[in-house]
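K.L.:
model this:
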Amino acid sequence: YGATYVKDKSKTARYGHLIALATAFDVLGALMGCLLAWAGTSWLAPYFGWDANLARNALIFCCAMLISVKSTPMGILRVENRFDLSTYADAVIPLVRMIGALIVMIEGPTITRFLWAWAAAEVATAIAYWILAGWQLRGHVRVRDIRDPKAAFAENEAIGRFLLVTNASSTVTGLSSNLGMMLIGFFVSPAAAGFYRLASQLSGAMTKISGLLSRTIFAEVNLVRAQEGVESL
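P.N.:
Next up is the predicted model:
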């Protein structure tokens with residue numbers, strides 16, 4: 001949807017409405033996720049062998065991850081063809097994690113300290129994404145345009161259905177990718193779940209390159225379709 005507005009200076013208000021709607025969905029999804037995280041940690045903590053302190057820190061970590069929403073600024077940078085800025089923002093996560101891990105190793109490794117380091121990386125990355133997206137929008141999208149998210153439903157055909165389908169898809173993907181680890185932790189042990197997660201990350205390392213390529217290709221395909229027509233695509 002954004003690809004139809006990004007080059008048309010006469011439709012900056014519609015572009016702003018679209019950004020407002022996407023942001024609203026990010027925030028709403030984060031709040032709903034925090035409620036689910038609260039229910040989940042309250043229910044699962046005894047089965048995973050968490051004491052009250054670890055359960056509380058796990059909940060804080062979940063909420064920090066969820067509140068660090070960056071789907072909207074990530075989409076802005078993609079549709080604006082600024083993959084260089086996206087790369088800079090993405091680099092914040094491993095950088096902050098590495099610094100945090102080193103500090104934790106020096107101070108004394110604990111699960112809680114690692115949780116705080118990982119949460120800090122997510123928050124820092126979200127801040128970086130929003131700053132870079134705002135910097136990219138300067139001059140052609142005004143702050144007053146980024147409001148009235150309801151208008152985006154009338155201005156973008158079938159966007160409500162599109163949002164429901166894509167959010168449902170990401171939810172199912174998230175559940176399916178983590179369900180195995182949760183079941184192992186639930187029925188076997190937290191240590192077994194940790195080894196499973198490590199093996200999964202190592203086996204999926206080679207897919208990182210294809211993931212980076214698919215992000216770029218998806219945005220470029222949409223730009224061509226929106227700006228040059230189906231025949232060009």
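K.L.:
Helices of this structure, start to end?
P.N.:
12-48, 52-67, 71-79, 83-90, 92-107, 111-137, 151-155, 159-187, 190-203, 207-228 (DSSP state H).
K.L.:
With only the CA atoms kept, save the second one in PDB.
P.N.:
Pointing back at helix 52-67 there. Extracted in PDB, the C-alpha atoms of helix 52-67 (Å, rounded to 0.1, in the frame of the first residue of the first chain):
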ATOM      1  CA  ALA A  52       8.700 -15.800  41.500                       C
ATOM      2  CA  ASN A  53      11.800 -13.600  40.800                       C
ATOM      3  CA  LEU A  54      12.600 -15.300  37.500                       C
ATOM      4  CA  ALA A  55       9.000 -15.300  36.500                       C
ATOM      5  CA  ARG A  56       8.800 -11.600  37.100                       C
ATOM      6  CA  ASN A  57      11.900 -10.900  35.100                       C
ATOM      7  CA  ALA A  58      10.700 -13.100  32.300                       C
ATOM      8  CA  LEU A  59       7.500 -11.100  32.100                       C
ATOM      9  CA  ILE A  60       9.500  -7.800  32.000                       C
ATOM     10  CA  PHE A  61      11.600  -9.200  29.300                       C
ATOM     11  CA  CYS A  62       8.600 -10.300  27.200                       C
ATOM     12  CA  CYS A  63       7.000  -6.900  27.600                       C
ATOM     13  CA  ALA A  64      10.200  -5.100  26.600                       C
ATOM     14  CA  MET A  65      10.400  -7.300  23.500                       C
ATOM     15  CA  LEU A  66       6.800  -6.600  22.600                       C
ATOM     16  CA  ILE A  67       6.900  -2.800  23.300                       C
END
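K.L.:
what helices or strands is it leaning on?
P.N.:
Packed against helix 52-67 by the contact rule (3 or more Cβ pairs under 8 Å, 6 or more residues apart in numbering; DSSP states H and E) you find helix 12-48, helix 111-137. (C-beta placed from N, C-alpha, C; glycine too.)
K.L.:
ranking these by burial, who's on top?
P.N.:
helix 111-137 (a mean of 18; mean count of other Cβ atoms under 10 Å).
K.L.:
Give me the distance from it to the chain's centre.
P.N.:
Taking the mean of its C-alpha atoms, helix 111-137 sits 10 Å from the chain's own mean (Cα atoms, centre = their mean, to the nearest Å).
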